[in-house]
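Q: I'd like to go over a predicted model; first the sequence, then the structure.
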Amino acid sequence: MLHKIATLASGLALGACSVVGIRSGTPEPAYTVTARVGIVEIRQYGPRIAAETAVEANEDAARYTGFRRLAGYIFGANKAKTQIAKTAPVAVNQTIAMTAPVAQARDAAGRWVIRFFMPANWTMETLPIPNDPSVHLIMVPSETIAVLGFSGDRGPDAVKAREQDLLQRLAGTPWRAVGEPVAWFYDPPWTLPWLRRNEVAVPVVTP
């Protein structure tokens, strides 16, 4: 009962804050800004773990569906890897701290893949197992990423325009994109547009 109350309280608190775009205290994956190209940041990220889900829908619908699936996982729709001597693991729900950003990109099959990055204190060995078979835990390797921030509209056309802007700003610089751009959203879908923190990002290398 206490666990259910705590889970409900966490969900309500998240919703209440995010309605007006408050992200106070929300952790992010650690990174170092190694260079700048105008307003584009070149960031170095270390290895990090993400929970991800693939959704077959249009871009906006996929974002909502993916967010709800992953939020369900971190708020307790999971089985803890708790070992009791001489028995099999016991299923115990656990909550995981909310982090930012939420990432969205297409996979090779054309589906939208939504990711939540896990807090740094968790490992692949200690993270609970998702109840939803469409939610998977993956290790994201270290990488150098060019990032362009923006606020306001994050619909498909707006995101595409920002991605093109990012690639154009990198053209003629030592930084070469080596993958497809991805959109990062630091607020849930219902956050007021002018309070949103959004970014488009792409892995880069130098010659």
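A: Perfect, I can see it now.
Q: quick one: the residue nearest to residue 154 when sequence neighbours are not counted from residue 107, how far?
A: In this structure, residue 154 finds its nearest non-sequential neighbour in residue 198, 5.1 Å apart by Cβ to Cβ, 6 or more residues apart in numbering. Using the backbone N, CA and C atoms, a C-beta is placed for each residue, glycine as well. Residue 198 sits 21 Å away from residue 107 when distances are taken as Cβ to Cβ, to the nearest Å.
Q: more crowded one of those two?
A: Between residue 198 and residue 107, counting by other Cβ atoms under 10 Å, residue 198 is the more crowded of the two (22 against 11).
Q: residues in contact with that one?
A: Under the criterion of Cβ atoms under 8 Å, 6 or more residues apart in numbering, the neighbours of residue 198 are 149-152, 154, 159, 162, 183-186.
Q: one step back: I'd like the distance between the residue nearest to residue 154 and residue 113.
A: Here the distance between residue 198 and residue 113 works out to 17 Å (Cβ to Cβ).
Q: and what of residue 77?
A: When distances are taken as Cβ to Cβ, residue 77 and residue 113 turn out to be 19 Å apart.
Q: Show me which of those two is the more surrounded one.
A: Taking residue 77 and residue 113 together and counting by other Cβ under 10 Å, residue 113 has the greater number of neighbours (21 against 17).
Q: Please name the bridge partners of the more buried one.
A: residue 54, residue 105 (DSSP bridges).
Q: I'd assumed residue 135 was in contact with it.
A: No - look at residue 113 against residue 135 with Cβ atoms under 8 Å: they stay out of range, at 11.4 Å.
Q: any common contacting residues for the two?
A: By the contact definition Cβ under 8 Å, 6+ apart, residue 113 and residue 135 are jointly contacted by 52-53.
Q: hang on, the earlier thing: would you mind checking the contacts of residue 198 for buried ones?
A: Buried residues within these, defined by neighbour count using 16 or more other Cβ atoms under 10 Å: 150, 154, 159, 162, 183-186.
Q: Quick one: low-confidence residue ranges for the protein.
A: 1-25, 81-92, 188-189 (pLDDT under 70).
Q: Pick out the residue closest to the middle of it.
A: With distances taken as Cα atoms, centre = their mean, the residue of the chain nearest its centroid is residue 102 (2.6 Å).
Q: show me what contacts the nearest residue to that one once chain neighbours are set aside?
A: Distances taken as Cβ to Cβ, 6+ apart put residue 185 closest to residue 102, at 4.8 Å, once the chain neighbours are dropped. With contacts defined as Cβ under 8 Å, 6+ apart, residue 185 is in contact with 63, 101-104, 154, 196-198.
Q: Tell me how far residue 185 lies from residue 158.
A: Plainly put, residue 185 is 12 Å away from residue 158 if you go by Cβ to Cβ.
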